[in-house]
Each structure stands twice: as C-alpha cells, then as structure tokens.
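A.B. asks: model the following, please.
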Amino acid sequence: MPSKLDDYNLKSKVKPKIVEKIDTRSKFYFPIKIGVDQAKKLAGAKKSKVFGKGKGRVETGPVSLFYEPFILVEGRGDLDYLRKRDYVFYVDDSVHSFRVGDTVFKPKKADVGKKIKISGVERINLTRVAKWLFNPMGGAERLDSIPSKGKSRVTSSWLKKHRKEIVDPAVNPERVVQMLRKSLEAKPREAKRILGITARIKLTTLYLPAYYVTLRRGGESKAVRVDGVKGLVTF
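C.D. replies: Modelled structure (predicted):
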C-alpha cells in the first residue's frame, strides 16, 4: 500500500510510532567438563610463566570453583524515516522545460547539454542488528570466547545448589539493555523526520564455571584461572 502524502511532510508534528520489546530474558549455565585434579595439572603446567625464572619449588594450594556470569544482548532495530535528496537529470539542449506533477522545472546549462535538479524526499527503512557480550568484570568480550553449544537452562534448584559459587555480574544487565536500545534507536544523521522505530532485544545470562588454583613459591602466591569447560588457563 502506497504511503500517504502527509507521511512525506518533513515539518509534520505527528509523533513517531515507537515499539520497544525485550523478547526474552534467559539464564543458562555450562556443565563442568574439567575436573579439579585436571585443573590443578593445567595450572601447574604454567608455573614457569606465572612466576618466571627463580629458585624454589612451586606448590599447589587451595582450589575454588565459581560460576562467572557473561551477559549476552542481541537486538534488532528497524527505523522508518525521511531524508532529503537531490536528483539531477541530464537532457538535450533543445529541452526548454520539464514538468513533474504540478511543478515545471527549467533546465540549466551543464558541461554537456542541460541538467534539471529536483529536490525530493525519500522514505528509508533501515535495519540494524547488534550482538554484544560482556565478561564478568563488565568489559566487552569476543563472542567466540564462550562455548557455542552445551549449555543448560538455569533452574531454581540449580541456583539453590550453587548459590555460594555464583558470581554477581559487574555490569547491570538492564543497563546493558538500555545501552543496546540506545544504539539501535539512534537517529541517523541524514534523517529529517522519524516515522517509526521498532526495537527487539534478547537478554541472556551465561554462567561459565571457572577454577581458581593457588600456586605458591616460597612466600609468594598467585591465583591461576582455569576454564571449567575448555580448560583454558589465564593468570
């Protein structure tokens, strides 16, 4: 169905239609695939890099398990807006005038022949898609830093069982949603009038198991993190 002429009025006072919806709020966890003994071995294998060169035996101390939250937000924003655009048509030297609708245009001289410039209004449908991942410390994280498969849905019984091991996110998930929404709904520079905005967002909290293994050499101790799913070691 063609748009009404009033839809192309750049000075219209009609407010844009805005639809915002958070489709889902989900929580999942990844089951442990790396045992405690294996985590100790993986951490111990990095002792030379953890402490560097030096004398003294490196011993393994306490091991703690935590479920660290990664916040994943996915969104789609559809913007319906108007922008100005000039159209230039090149015509033969013999053309005296050119009519479009009720308006008559007179061509001007060009490098070759004549040209007619018409100012128009275009209606644009722009779609934006975004996917952000935040690590437990609130920083931006690569999307491939967490497993793509193997997650299980968080239940009340799981939360109760692991309540002491679950880490609170450093970033407020609702604030992340607002950040993404603002990005999806941002007015394009070329837009002269917004007709409508639709934003749909999906919020997911992913709990990843991680061991923190304490390594000691003399009076010095350091904690080494071992991913409980992939076995990746960081310190």
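
A.B. asks: give me phi/psi at Val50?
C.D. replies: Phi and psi for Val50, reported as degrees, to the nearest 10, are phi -70, psi -50.

A.B. asks: residues touching it, list them.
C.D. replies: Shown here is Val50, whose contacts under the criterion C-beta atoms under 8 Å, 6 or more residues apart in numbering are Val58, Leu215, Lys222, Val224, Phe235. For every residue, glycine as well, the C-beta is placed using N, CA and C.

A.B. asks: ok, then the element right after the helix ranked longest in the chain?
C.D. replies: Taking DSSP state H as the criterion, the chain has its longest helix at helix 173-185. Sequence-wise, the next helix or strand beyond helix 173-185 is strand 193-217, with elements assigned using DSSP states H and E.

A.B. asks: what strands line up against that next one, and which way round?
C.D. replies: strand 17-29 (parallel), strand 58-91 (antiparallel), strand 220-227 (antiparallel) (DSSP bridges).

A.B. asks: burial of the closest residue in space to Arg153 that isn't next to it in sequence, as a residue count?
C.D. replies: Across the structure, with C-beta to C-beta, 6 or more residues apart in numbering as the measure, the residue nearest Arg153 apart from its sequence neighbours is Phe28 (5.7 Å). Here the neighbour count serves as a burial measure; for Phe28 (other C-beta atoms under 10 Å) it reads 16.

A.B. asks: and for Ala43?
C.D. replies: When neighbours are counted by other C-beta under 10 Å, Ala43 comes out with 25.

A.B. asks: specify the local secondary structure of the residue of the chain most remote from its centre.
C.D. replies: Computed with C-alpha atoms, centre = their mean, the maximum C-alpha offset from the centroid of the chain is found at Ser94, amounting to 56.2 Å. Per DSSP: H, G, I helix; E, B strand; the rest coil, the secondary structure class of Ser94 is coil.

A.B. asks: how near is it to Gly113?
C.D. replies: Taking C-beta to C-beta, to the nearest Å as the measure, Ser94 and Gly113 are separated by 9 Å.

A.B. asks: shaky segments in this structure?
C.D. replies: Judged against pLDDT under 70, the low-scoring parts of the chain cover residues 1-5.

A.B. asks: A strand includes Thr127, no?
C.D. replies: Yes: the secondary structure assignment for Thr127 places it in a strand, going by three-state DSSP.

A.B. asks: ok, the closest residue to it other than its chain neighbours - contacts?
C.D. replies: In this structure, Thr127 finds its nearest non-sequential neighbour in Asp78, 5.4 Å apart by C-beta to C-beta, 6+ apart. Residues in contact with Asp78 (C-beta under 8 Å, 6+ apart) are Asn125, Leu126, Thr127, Arg128, Gly196, Ile197, Thr198, Ala199.

A.B. asks: surely the fifth one touches Lys17?
C.D. replies: Yes: taking contacts as C-beta atoms under 8 Å, Gly196 lies within contact range of Lys17: 4.2 Å.

A.B. asks: can you tell me the closest non-neighbouring residue to Lys49?
C.D. replies: The shortest distance from Lys49 to any non-neighbouring residue, by C-beta to C-beta, 6+ apart, is to Phe235 (7.6 Å).
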